[in-house]
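>>> Quick one, what's the 3D model for this:
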Amino acid sequence: MKKNMIILAFILSMILASLAQAYPIQNQAIQIAAGYDHSLAIKDDGSVWAWGLNDQGQLGDGTIIGNSNPAQVVGLSHVTMIAAGFYHRLALKDDGSIWAWGSNFQGQLGDGTTMNTKNSPVQVAGLSNVTMIAAGSQFSLAIKDDGSVWAWGTNYYGQLGDGTTIDKNTPVQVAGLSHITMIAAGFQFSLALKDDGSVWAWGSNSHGQLGDGTFTNKNIPFQVFELSNVTMIAAGNIHSLAIKEDGSVWAWGYNSSGQLGDGTTTEKCNPVQVAELSHVTMIAAGFYHSLALKEDGSVWAWGNNKHGQLGDGTSINVNIPVQVSGLSNVTMISADSYYSMAIKENGSIWSWGVYYSYGMLKSTNKNNPLQVPGISCITMIAGGSNHSLALNDSGSVWAWGYNGHGQLGDGTTTNRSSPVQIPEFSNFIATASGNFHSLAIKENGSLWAWGNNNSGQLGDGTTTKKNCPIQVSSLSNITMISAGSNHSMALTDDGSVWAWGNNYYGQLGDETNTDKKKPVFISFRSFKCHYDCCWI
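Predicted coordinates for the structure are as follows:
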């Protein structure tokens, strides 16, 4: 399953920004980025939140314990941009400083060490006035306000662009670059866009992905051959895309599945124009497929189609763009390894291909776009182990998937392959999903729960499962919720935190290992400091 998350780290943040309230975070999210095995979000207050796997400390919450619901990254505030590499994460603050956490085997955190992991953010050493960041597989990039580019981490293929192939654990300046406005990080190569519309590339070039007319790795930037007037760049795994100001799309690099869109499957070391495509405003690169959004709101795709990720009703690879079936008025696109997604201007979500993630919509081998039926104007989504929830702007909650424990809340234990509305309940403002239980907050601050209750995770004082929502009567004025595998948490408007359910590992924070069938108050009278950032 991890393989299907590889490329999502590089290109998903734009599409998911429009799903900004897709998780139960108290304030509005303004950017979301998906990494190899987890997701990140910036809230409008500048804090950063993370969820998913955490074996390399990639959640930045001071632990290496995974979390299926958002946890705040320790000690970060005033963040304006985030980037996700394979196992490391970057955050840019409004003062121009960069902070990093996660795996550091190759020095990709830039703090002057190669300590294996950092589970809380550390400041990237000696770098200030940064305006943009990007994260590759085990390396990092940054643009400063003077237009210079800086890099650190693994450098085996010269992807740091400093004229060597020696790893660096603090930032080094990329040689010979200035006036840079955009950067992109591929698997083992880097791209940069200058303010004159030229594109520059360095690093691995095994399939011509640097676009300089050769297949030779480069440890300093070379200009992409005969490409000018570029307005946007995107880096796939081992192929590259660019939009020119006339709306044409150009591609170069690996082409085994036709992902360059030039009518062939021959890799190209120089840019070639994507055939029969114009008026493009956005591009996205999957593992072996590519997407484009045109100004008329239509979506076009080409390349690998084994899992239906091109959305043309087939599973046949194509080497020129085909229109994604039945989609119009699209405002955002995204490409994962074997999956594609679009959001329409009415707020509806469409997906095709095969996709695996943490807490996101799931689609299995759909070769035409599939709308989550009956739902529009979505304001929040949440995913459990085998079920999903969606909240629309009318305050109704819809659910679908496995229902063996009543976690869909429709009064049955019947599985649903399309969403059903939770009956007779309205005015909800937030939802969260555990493995087999669900939570929701109403606009009056009351908390409701349903589904599995074997550890008391519904908070009603029993261990009896419920297939319709019940009120957690001992709590009120709830502002945020989070659901673990078999336990639940809530934050009230006075800042107090409550937890209940399974407590085998002490996850309720009440200094015991005893399950609790009703909420218990978590005391933060003692606290830890992580790398000079204290939290209580």
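>>> what pLDDT, on average, does whichever strand or helix holds M282 get?
Element membership of M282 [criterion: DSSP states H and E] is strand 280-285. The predicted model assigns strand 280-285 a mean pLDDT of 90.
>>> Sheet partners, orientation included, of that strand?
Sheet partners assigned to strand 280-285 using DSSP bridges are listed as strand 289-294 (antiparallel).
>>> Pull out the buried residues from the partner strand.
Residues of strand 289-294 classed as buried: H289, S290, L291, A292, L293, K294 (neighbour count, 16 or more other CB atoms under 10 Å). Every C-beta, even on glycine, is put in place using the N, C-alpha and C of the backbone.
>>> Output those residues as TSV; include the columns distance to W352 and pLDDT.
Compiled in TSV, those are given as follows (distance: CB to CB, whole Å; pLDDT from 0 to 100):
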residue	distance to W352	pLDDT
H289	11	93
S290	14	95
L291	11	94
A292	15	96
L293	15	94
K294	17	97
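>>> Next, find the distance separating L210 from L177.
According to CB to CB, to the nearest Å, L210 stands 14 Å off from L177.
>>> who has more neighbours, the two?
Remark: of L210 and L177, L210 carries more neighbours, 33 against 20, as counted by other CB atoms under 10 Å.
>>> neighbours around the closest residue to that one other than its chain neighbours, how many?
Leaving aside its sequence neighbours, L210 sits nearest to A201 (CB to CB, 6 or more residues apart in numbering; 4.0 Å). Each residue near A201 was counted by other CB under 10 Å, and the total is 28.
>>> likewise Q421?
Residues lying near Q421 (other CB under 10 Å) number 17.
>>> ok, it touching S396?
Yes: the pair formed by Q421 and S396 meets the contact definition of CB atoms under 8 Å, at 5.6 Å.
>>> what lines up beside whichever strand or helix holds W398 in the sheet?
Element membership for W398, per DSSP H and E: strand 397-401. According to DSSP bridges, the neighbouring strands of strand 397-401, each with its direction, are strand 387-392 (antiparallel), strand 416-421 (antiparallel).
>>> from those, which stretch is densest packed?
When the strands paired with strand 397-401 are scored by mean count of other CB atoms under 10 Å, the highest mean neighbour count falls to strand 387-392 (a mean of 24).
>>> How far off centre is that one?
Its chain's average C-alpha position is 18 Å from that of strand 387-392, according to CA atoms, centre = their mean, to the nearest Å.
>>> Low-confidence ranges, this structure, go.
Scanning the chain for pLDDT under 70 picks out 1-41, 51-52, 67-70, 335-337, 346-349, 355-365, 371-379, 383, 524-536.
>>> Where do the helices of it begin and end?
Chain-ordered helices for the chain, with DSSP state H as the definition, fall at 8-11, 13-17.
>>> neighbouring contacts of the strand holding W398?
372, 374-375, 384, 386-392, 407-410, 415-422, 425, 428, 431, 438, 440 (CB atoms under 8 Å, 6 or more residues apart in numbering).
>>> do that again at 6 Å, thanks
The contact list for strand 397-401 (CB atoms under 6 Å, 6 or more residues apart in numbering) reads 375, 386-391, 408-409, 416, 418-419, 421-422, 428, 431, 440.
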